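Student: With the sequence up front, the predicted model follows.
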Amino acid sequence: MTHSSRDVLLLFHHSLLACGIRLGAITSKMLAYARYLTLLLMMLVFRIANADEVSDSSIFEPVVFQPKIFKVHGFATLGTANSSEDQADFVDMINLPKGAGYSHNWSFNTDSRIGLQIDAVLTDNLYAVMQVQSKQNYDDSYTPKVEWANLNLQLTPQLKIGVGRFGIPFFMASDSLNVGYAQPWLRVPTVVYYFPISELDGVNVNYQYKLGEALLNVQTLYGHSNFKFLIDGTAAQAYVKNFSGAAFTAENGNSTIRLSYFLINHGFSLSNSQLDGMFNLYRTMGMSALANQYEVKNHSQVFTGLGYSYVSSNWMFQSEITKLRGDDDITPSLTSWYTTLGRHYGKIFPYITLGESTLNKPSTIGGADPLGAINAALAASNFGQHMLSIGTRWDFANSMDLKVQVDRINLKHGSNGGLANLQPGFKTGGSYNLLSFSVDVVF
């Protein structure tokens, strides 16, 4: 086996182990078997691909199938951003610690990333996918993370089922969320695409069929996920279990429409030393009812989204509206939307985006909170804002582009807009400007 083959095999093996799939005792065993089966099949693929390096007495000699396709793809973005807000940091995901503004005049953290994807079609109806990406993490490290690692079986031309780690199809751009070159914008509109949860460990069923000229697709998922973030500099863990839902997509000519619905059924919990200590303090002071009302333990969350896009040889129009709501009183409940219009002029693509995010519940309980800590936590979950973005994409070389984007962000009353690393001098409800540059490449 060559060194390159061995490195890819080891990467795939560790990626599968990193999935940590847990869906109950029976399902957990099934998924574990699927992981080992995927590893075995990948080993067989490498055995066949390197058959000339193995002696005739190899124990793998009886293998009869041949891999149809084995490809490695890569993508990368080098981006930098400048923010006029010098008392907080702009970040593109709410779980990131620092970015452009207070911490860095020009930040390369927000938009820069690099990723590798391996696709292996093992037989006529069995294939595996693995994607690893390095970008800024919640702890400001760039430790590579497994975004996808799954094994899929094509049962019929229309139906396939998979197990492992999958991207969650919340949005129109979810299938290529991390690939900057695949997006028209410099960054996806953050008023909508603020979710730190992007992958799911579990089961995926996909059904596709044609109805007249339209191509219809239904994708359903079940599983669990989790993510980490910082609360005032201390690590917090969000646990997501009993996660299920579906995305319906219809394509007809230049038009695409997507409807998505996802439910966390009594399975959303937050754990953080500061939050836990705060609620314990309320309980010791005889306010257990208040603590129980706002503590996030096994709560439910519902996400709904509707999107439409029109893409022709010259014009591009895309719009999405989403709503997140939950049965707890402290995590964000938001309605968000954006609309983008752009036009191609040869290799130049200028575009404009308008967007808004609105908080759907009170950001304070006033005098009902004698200590003020719950009011502070409620205020921190107010991300309401208006956004105007104007940008240009230039495809200056094969598989490469250069993008420039200017954003004007107006925060709503009492809102921090999802900014990170807030300083004592930060004022909610203000406004700021962003200037960003990026280069995207796929290889």
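Tutor: Nice, I can see it.

Student: Only C-alpha atoms from now on, for both contacts and neighbour counts.
Tutor: OK.

Student: Give me the pLDDT for the most centrally placed residue in the chain.
Tutor: A centroid search over the chain (C-alpha atoms, centre = their mean) returns S198, at 2.8 Å, as the residue closest to the centre. Listed pLDDT for S198 reads 84.

Student: Kindly report the same for L270.
Tutor: At L270, the pLDDT value in this model is 82.

Student: That one reaches V296, doesn't it?
Tutor: Yes - under the criterion of C-alpha atoms under 8 Å, L270 makes contact with V296 at 5.6 Å.

Student: On the three-state scheme, the closest residue to I161 other than its chain neighbours is what?
Tutor: Closest residue to I161 apart from its sequence neighbours, by C-alpha to C-alpha, 6 or more residues apart in numbering: V205 at 4.5 Å. Look at V205: counting by DSSP: H, G, I helix; E, B strand; the rest coil, its state is strand.

Student: so who does V205 touch?
Tutor: When contacts are counted by C-alpha atoms under 8 Å, 6 or more residues apart in numbering, V205 touches 159-162, 219-221.

Student: Relative to R283, how far out is it?
Tutor: Applying C-alpha to C-alpha, to the nearest Å, the value for V205 to R283 is 44 Å.

Student: distance of the residue nearest to I161 from V163?
Tutor: Distance from V205 to V163, by C-alpha to C-alpha: 9 Å.

Student: So L435 sits against D407, correct?
Tutor: Yes - between L435 and D407 a contact is recorded at 6.6 Å, counting by C-alpha under 8 Å.

Student: still on that earlier bit, out of the contacts of V205, which comes closest to I321?
Tutor: Checking the contacts of V205 against I321 by C-alpha to C-alpha gives Q219 as the nearest, at 19.3 Å.

Student: which residues of the stretch 101-250 of the chain fall in helices?
Tutor: Counting by DSSP state H, counting those that start in this stretch, the stretch 101-250 of the chain yields no residue ranges for helices.

Student: mind listing the strands for it?
Tutor: Remark: strands assigned in the stretch 101-250 of the chain by DSSP state E, counting those that start in this stretch are 106-107, 113-123, 126-135, 145-154, 159-167, 199-211, 214-231, 234-252.

Student: Now distance to Q318 too, for those strands, in a markdown table please.
Tutor: Formatted as a markdown table, these follow (distance: least, C-alpha to C-alpha, whole Å):
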| stretch | distance to Q318 |
| --- | --- |
| strand 106-107 | 28 |
| strand 113-123 | 25 |
| strand 126-135 | 27 |
| strand 145-154 | 25 |
| strand 159-167 | 21 |
| strand 199-211 | 23 |
| strand 214-231 | 19 |
| strand 234-252 | 14 |
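
Student: Can you get me the start-to-end distance on stretch 418-433?
Tutor: 15 Å.

Student: In space, what's closest to E213 - neighbours in sequence excluded?
Tutor: Excluding the flanking residues, the one nearest E213 by C-alpha to C-alpha, 6+ apart is N252, at 6.2 Å.

Student: State the distance from the one you found to G307.
Tutor: 14 Å.

Student: Tell me how far stretch 374-391 lies from the chain's centre.
Tutor: 19 Å (C-alpha atoms, centre = their mean, to the nearest Å).

Student: Give the buried residues for it.
Tutor: Across stretch 374-391, burial judged by 16 or more other C-alpha atoms under 10 Å covers 374-375, 377-391.

Student: again with stretch 300-316
Tutor: 300-310, 316.

Student: can you map out the helices along the stretch 251-400 of the chain?
Tutor: According to DSSP H, counting those that start in this stretch, the helices that the stretch 251-400 of the chain contains are 273-284, 288-294, 373-380.

Student: could the ones you listed be laid out in a markdown table, adding distance to F229 and mean pLDDT?
Tutor: Below are the helices of the stretch 251-400 of the chain laid out as a markdown table (distance: least, C-alpha to C-alpha, whole Å; pLDDT from 0 to 100):
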| stretch | distance to F229 | mean pLDDT |
| --- | --- | --- |
| helix 273-284 | 12 | 87 |
| helix 288-294 | 19 | 85 |
| helix 373-380 | 14 | 81 |
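
Student: nearest to V192, of these?
Tutor: helix 373-380 (17.7 Å).

Student: How about residues contacting that closest one?
Tutor: Here helix 373-380 makes contact (C-alpha under 8 Å, 6+ apart) with 278, 294, 330-331, 362-366, 369, 414-416.

Student: go again using 6 Å as the cut-off
Tutor: With contact meaning C-alpha atoms under 6 Å, 6 or more residues apart in numbering, helix 373-380 is reached by 330, 363-364.

Student: Likewise for stretch 171-180?
Tutor: Outside stretch 171-180, the residues that touch it by C-alpha under 6 Å, 6+ apart are D440.

Student: residues in contact with H224?
Tutor: H224 makes contact with 200-201, 240-241, 243, according to C-alpha under 6 Å, 6+ apart.

Student: Most neighbours among the residues you listed, please name it.
Tutor: D201 (29 neighbours; other C-alpha atoms under 10 Å).

Student: who's it bridged to?
Tutor: Here D201 shows beta-bridge partners R165, H224, assigned using DSSP bridges.

Student: What separation is there between it and A214?
Tutor: From D201 to A214 the distance is 31 Å (C-alpha to C-alpha).

Student: Kindly report the same for H224.
Tutor: To A214, H224 is 32 Å away according to C-alpha to C-alpha.

Student: what do you get for Y261?
Tutor: 21 Å.

Student: who has more neighbours, the two?
Tutor: Y261 (19 against 14).

Student: Give me the contacts around stretch 240-255.
Tutor: Residues contacting stretch 240-255 (C-alpha under 6 Å, 6+ apart): 214-226, 256-265, 267-268, 309-311.

Student: And the buried ones among the residues you listed, selectable in PyMOL?
Tutor: Selection of buried members from the contacts of stretch 240-255 for PyMOL, criterion 16+ other C-alpha under 10 Å:
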select buried, resi 216+217+218+219+220+221+222+223+224+225+226+256+257+258+259+260+261+262+263+264+265+267+268+309+310
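
Student: now, which of the buried residues of stretch 300-316 lie within strands?
Tutor: Using DSSP state E, the subset of these located in strands is 300-310, 316.

Student: Make a markdown table out of those residues and add distance to W337 and pLDDT.
Tutor: Shown next, in a markdown table, are these (distance: C-alpha to C-alpha, whole Å; pLDDT from 0 to 100):
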| residue | distance to W337 | pLDDT |
| --- | --- | --- |
| S300 | 23 | 88 |
| Q301 | 19 | 89 |
| V302 | 17 | 93 |
| F303 | 13 | 95 |
| T304 | 12 | 97 |
| G305 | 9 | 97 |
| L306 | 9 | 98 |
| G307 | 9 | 98 |
| Y308 | 12 | 98 |
| S309 | 14 | 98 |
| Y310 | 17 | 98 |
| M316 | 17 | 98 |
